[in-house]
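Chemist: give me the fold of what follows.
(one chain, ligands or ions: 1)
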Amino acid sequence: MKELKSLFQQKSKIVANELKSMLKESGDLKVDEVVLKQVVGGMRGIKSMFSETSHLDPIEGIKFRGYSIPQLREKLPKLNHTEPLPEGLFWLMLTGEIPTEEQVKGLADEWESRAKVPQHTYDVIEAMPIDTHPMTQFSAAITSMQTESIFARKYAEGINKQDFWDPTFEDVMNLIAKLPGVAAYIYRRVYHNNDQIAPDTSLDWAANFAHMLGNKDPEFQNLMRLYLTIHADHEGGNASAHATHLVGSTLSDAYYSLAGGMNALAGPLHGLANQEVIKFILEMLDEIGTDEPTDEQISSFIKKTLDSGRVIPGYGHAVLRKPDPRFVAQKLFAEKHLQNDKLVKVVWQLYEIVPGILEGLGKVKNPWPNVDAHSGAILVHYGIKEYTYYTVLFGVSRALGVLSNLCWSRALGLPLERPKSVTLDWIKNYIADQQN
Ligand code: HAX
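Modeler: As a prediction, this is how the structure comes out:
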């Protein structure tokens, strides 16, 4: 994959030089103001990170190197399928260029050639009890592959810091190539009696993953291409991207960094929300006693959930203030392929009902659905009913974004991340000083 590597080197050098001269000339320019509630309240909105791979607009949603999700679905190579290949998005995030069909095909072949998972990683997975959450198995498997890190080896040998990006790029390519095999292994181990399916080397990255999960339906392969594309990145500050970046900023290698990001993704306010959504819907249908509930029945279940001090999973967002374009993309897919699916219809009913109720609370900043509100119902339709697995699917996709970001961080020589924290006494004294 010399072409992608040298293109990335070339592009990142330009950005590195530009950034260097901008910092030299305007490094002291003020870009933000921070108020006390942001310090205590999860740093919402504070501009304090650099990330080149994507940008999140509260209204327009995610843009990958300037391209919205509808534009990606139109412009990224599909190789005669109906949805774009995630390989194309990875190329775009690293280079800023939409790749050609040949380049995407070449990248798919390259990942296929690097896909072999070390035996000890399977052994590590096997050492865990079968009911270990799949995200725990996934995270442990990623950490176990750290033995393969070229960056860690080169660092120990004393590599020049100008060259850090090179072994990082190699680690990232190796790691991404292996993730579908690791993730599919966990799925087949936990839910299908360890009946493993060998990879089909003629397939692209997403379709081969679909195949190893156990589904050969071309429509499911297209779903996986779409799913693995749209979940990949959500700018630098989201919890999984930020965690990956933070760990990586210590010069931990790609394996440690991604495991850190996956542990963040495993939380219910982040990636685990996809399992929580379908669990919530199934519990609701069970309690109401029908798979075709009325709007009134849904409304009263939602209100009951809120009254019990719980959140409605799949709704709300720390940045977005409109329906998530990733939700919309999945809805369009479902409207085309599974409009008569009863569970999908419930997702659409929730979309009509939940925002009004959340708005009525007067405190929820974004009452609209996020990416996780739709995915589960579609996966159930294609036979992936085991919802405790859903966050692993998200993780395989998210790796593309956070790892291309890691390549950028190394190429730009971004430093150790180390913000300042304050204590209650510091806050009290600061308030007193300001009032005097
Ligand atoms: N249901 C009920 N209450 C909600 C809510 C929801 N879906 N979303 C926000 N709120 C509440 C918050 O809990 C908070 O209440 P308190 O003041 O009582 O603490 C209040 O509204 C203000 O919160 P906010 O500013 O609107 O939202 P935050 O930026 O603090 O949090 C979250 C954003 C995504 C964590 C939040 O909307 C939430 O908990 N949603 C449900 C879980 C979910 O779907 N997570 C996935 C998000 C997308 C993602 O990362 N996917 O991986």
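
Chemist: where along the chain do the strands fall?
Modeler: In the chain, the strands defined using DSSP state E lie at 54-57, 61-64, 67-68.

Chemist: for the closest residue to Leu358 other than its chain neighbours, give me its contacts.
Modeler: Distance criterion CB to CB, 6 or more residues apart in numbering; nearest residue to Leu358, sequence neighbours excluded, is Pro367 at 3.7 Å. Any C-beta I mention is one placed from the backbone N, CA and C, and that applies to glycine too. By CB atoms under 8 Å, 6 or more residues apart in numbering, the contact list for Pro367 reads Tyr315, Gly316, Val354, Pro355, Gly356, Ile357, Leu358, Glu359.

Chemist: same check on Asn370?
Modeler: Ala273, Gly314, Tyr315, Gly316, His317, Leu320, Asp324, Arg326, Phe327.

Chemist: gap between the residue of the stretch 201-350 of the chain found nearest the ligand and Asp233?
Modeler: At 2.2 Å from the ligand, Gly316 is the closest residue in the stretch 201-350 of the chain, using CB to the nearest ligand atom. Taking CB to CB, to the nearest Å as the measure, Gly316 falls 20 Å from Asp233.

Chemist: again with Thr136
Modeler: The gap separating Thr136 from Asp233 is 24 Å, by CB to CB.

Chemist: ok, these two, which is more surrounded?
Modeler: Neighbours per residue, other CB atoms under 10 Å: of Thr136 and Asp233, the larger number sits with Asp233, 29 against 15.

Chemist: report pLDDT for the closest residue to the residue of the stretch 201-350 of the chain closest to the ligand other than its chain neighbours.
Modeler: Excluding the flanking residues, the one nearest Gly316 by CB to CB, 6+ apart is Asn366, at 5.3 Å. Note on Asn366: pLDDT of 98.

Chemist: which residues touch Asn366?
Modeler: Tyr315, Gly316, His317, Leu320, Arg321, Lys322.

Chemist: drop anything exposed from those residues.
Modeler: For the contacts of Asn366, a burial check counting by 16 or more other CB atoms under 10 Å picks out Tyr315, Gly316, His317, Leu320.

Chemist: of all those residues, which two lie farthest apart?
Modeler: Across these, the longest distance by CB to CB is 10.8 Å; it joins Tyr315 and Leu320.

Chemist: count of neighbours near the closest residue to Pro180 other than its chain neighbours?
Modeler: Once flanking residues are discounted, Pro180 sits nearest to Phe209: 3.7 Å by CB to CB, 6+ apart. Neighbour count for Phe209, taken as other CB under 10 Å: 27.

Chemist: before we move on, back to that, what's the most buried one of the strands of the chain?
Modeler: Neighbour counts (mean count of other CB atoms under 10 Å) averaged over each of those peak at strand 61-64, with a mean of 23.

Chemist: contacts for that strand?
Modeler: Here strand 61-64 makes contact (CB under 8 Å, 6+ apart) with 53-57, 68-69, 72, 89, 92-93, 232-235, 320, 322, 324-326.

Chemist: of those residues, which belong to helices?
Modeler: Ile69, Leu72, Leu89, Leu92, Met93, Pro325, Arg326 (DSSP state H).

Chemist: tally of neighbours for the third one?
Modeler: Neighbour count for Leu89, taken as other CB under 10 Å: 29.

Chemist: now it. Nearest residue, chain neighbours left out?
Modeler: Thr229 (5.1 Å).

Chemist: then Tyr122?
Modeler: Tyr185 is the one closest to Tyr122 (CB to CB, 6+ apart), at 6.5 Å.

Chemist: how far away is Ser409 from the ligand?
Modeler: Ser409 is 21 Å from the ligand, where distance means CB to the nearest ligand atom, to the nearest Å.

Chemist: ok, that residue touching Ser249?
Modeler: Yes - using CB atoms under 8 Å, Ser409 is in contact with Ser249, at 6.9 Å.

Chemist: neighbour count winner among the two?
Modeler: Neighbour count, other CB under 10 Å: between Ser409 and Ser249, Ser409 has more, with 24 against 16.

Chemist: need the contact partners of stretch 188-201.
Modeler: Contacts for stretch 188-201 (CB under 8 Å, 6+ apart): 112, 115, 125-126, 130-131, 134, 137, 180-181, 184-185, 207-208, 211-214, 386, 389.

Chemist: low pLDDT regions in the stretch 1-150 of the chain?
Modeler: Applying pLDDT under 70 to the stretch 1-150 of the chain flags no residue at all.

Chemist: quick check: residues of the protein near the ligand?
Modeler: 269-271, 273, 306, 311-318, 358, 363-366, 370-372 (CB under 6 Å from any ligand atom).

Chemist: in helices, which of the residues you listed fall?
Modeler: Ala273, Leu306, Leu358, Asp372.

Chemist: export those residues as TSV, with columns for neighbour count and pLDDT.
Modeler: Below are these laid out as TSV (neighbours: other CB atoms under 10 Å; pLDDT from 0 to 100):
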residue	neighbour count	pLDDT
Ala273	26	96
Leu306	16	98
Leu358	21	98
Asp372	28	95
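
Chemist: now the two most distant members of those residues.
Modeler: It's Leu306 and Asp372 that sit farthest apart of these, by CB to CB, at 17.8 Å.

Chemist: tell me the pLDDT of the residue nearest to Pro180.
Modeler: Value listed for Phe209 in the pLDDT field: 98.

Chemist: I figured it hits Tyr187, correct?
Modeler: No - using CB under 8 Å, Phe209 is not in contact with Tyr187; the gap is 9.7 Å.

Chemist: how about the nearest residue to Val182 once chain neighbours are set aside, what does it touch?
Modeler: Ranked by CB to CB, 6+ apart and with sequence neighbours excluded, the top spatial neighbour of Val182 is Ala141, at 4.8 Å. Residues in contact with Ala141 (CB under 8 Å, 6+ apart) are Thr121, Val124, Ile125, Val182, Ile186.

Chemist: can I get the buried ones among those as something I can paste into ChimeraX?
Modeler: To isolate the buried ones among the contacts of Ala141 in ChimeraX, judged by 16+ other CB under 10 Å, type:
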select :121,124,125,182,186
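
Chemist: wait, which of the contacts of Ala141 is closest to the ligand?
Modeler: The closest of the contacts of Ala141 to the ligand turns out to be Ile186 (CB to the nearest ligand atom; 19.3 Å).

Chemist: residues touching the nearest residue to the closest one once chain neighbours are set aside, list them.
Modeler: Among residues not flanking Ile186 along the chain, Gln137 sits closest, at 4.8 Å (CB to CB, 6+ apart). Gln137 makes contact with Ile125, Met128, Ile186, Arg189, Val190 under the criterion CB under 8 Å, 6+ apart.
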